[in-house]
Each structure stands twice: as structure tokens, then as C-alpha cells.
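got a predicted structure here, sequence first:
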Amino acid sequence: MTGNRKQSKTRSKGSPGRGSGRGVSSGMDYRDRIVVDPQIRFGKPCVRGTRIAVGDVLSYLASGMNEAEILADFPQLTFEDIRACLAFAAERERRLMTIPVA
């Protein structure tokens with residue numbers, strides 16, 4: 001059983017292993033691209049150098065926009081900025097406290 005657990009953590013859409021740039025172990029470091037400044041957007045996490053909030057980028061993706069459409073609408077963003085927003089959200093999700101079922 002532990003072998004299956006390890007395999008499922010590193011597998012992603014046909015790209016096995018660490019360093020593939022995909023999946024749980026992608027290693028994307030969002031910290032150099034996502035900033036929290038109380039003076040910008042009331043302290044919401046934003047893409048560095050912009051007033052574009054991480055939540056806005058995630059909302060665009062959730063509504064069906066693809067990366068190319070977002071980049072066309074917001075030329076100050078890069079593909080890596082969008083990936084950083086996703087990595088930030090994934091990290092925040094991992095850190096959420098869960099309440100065990102009693």
C-alpha cells in the first residue's frame with residue numbers, strides 16, 4: 001500500500017517523477033512572484049509589480065479562460081506568473097486546517 005501512495009504523489013498526466021514541471025512535486029516557487037502588501041488591494045496576494053490579485057487570475061481560469069486569453073488581456077503578466085498563482089493556491093490549500101470526522 002505504501003508503494004501505491006508514493007507513486008500517486010509523484011505521477012501526473014503521463015509525466016512521472018520529480019522535476020517534470022507538473023503535478024504535486026513541481027517545485028514551482030511562487031514566493032518571488034506573489035507578494036502581499038497592505039497598501040495594494042487591501043493586502044490581497046498579488047502578482048509582483050502589478051495590482052492583479054491571485055484570486056482574480058484563479059477566477060479567470062475557473063471561468064474558462066485559458067492562459068493565452070489571460071495573457072492577451074493582461075500583457076504585464078507572464079505564463080510563469082499564472083503558474084505562480086496556481087502554486088500559491090495549491091500551497092494555501094495544503095496548509096488549510098482540516099477538521100477530522102469524529
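The structure has been received and is ready for your questions. Numbering: from 1, shown residues only.

any idea which residue sits dead centre in the protein?
Residue closest to the mean C-alpha point of the chain, counted by C-alpha atoms, centre = their mean, is Leu86 at 1.4 Å.

got the contact list for that one?
The contact partners of Leu86, by C-beta atoms under 8 Å, 6 or more residues apart in numbering, come to Met28, Leu58, Leu61. C-beta here means a position set from N, CA and C on the backbone, and glycine is covered the same way.

secondary structure element holding the last one?
Applying DSSP states H and E as the criterion places Leu61 in helix 54-62.

tell me how far the nearest residue to Glu80 once chain neighbours are set aside lies from Thr98.
Closest residue to Glu80 apart from its sequence neighbours, by C-beta to C-beta, 6 or more residues apart in numbering: Arg33 at 6.7 Å. Note on Arg33: its distance to Thr98, by C-beta to C-beta, to the nearest Å, is 27 Å.

between these two, which one's more packed in?
More crowded of Arg33 and Thr98, by other C-beta atoms under 10 Å: Arg33, with 22 against 5.

do you know the pLDDT at the more buried one?
Model confidence at Arg33, expressed as pLDDT, equals 97.

need the phi and psi values for it.
Main-chain torsions, Arg33, degrees, to the nearest 10: phi -120, psi -20.

list the contacts for Ala53?
Counting by C-beta under 8 Å, 6+ apart, Ala53 has contacts Arg41, Lys44, Pro45, Cys46.

of all pairs in those residues, which one spans the longest distance?
Arg41 and Pro45 (8.6 Å; C-beta to C-beta).

out of these two, which sits in the busier spot?
Pro45 (20 against 17).

can I assume that one is in contact with Asp37?
No: with contact defined as C-beta atoms under 8 Å, Pro45 and Asp37 do not form a contacting pair (9.4 Å).

give me the next element, helix or strand, following the worst-scoring helix or strand of the chain on mean pLDDT.
Within the chain, no helix or strand scores below helix 2-10, which has a mean of 37 by mean pLDDT, DSSP states H and E. Note on helix 2-10: by DSSP H and E, the next helix or strand toward the C-terminus is strand 34-35.
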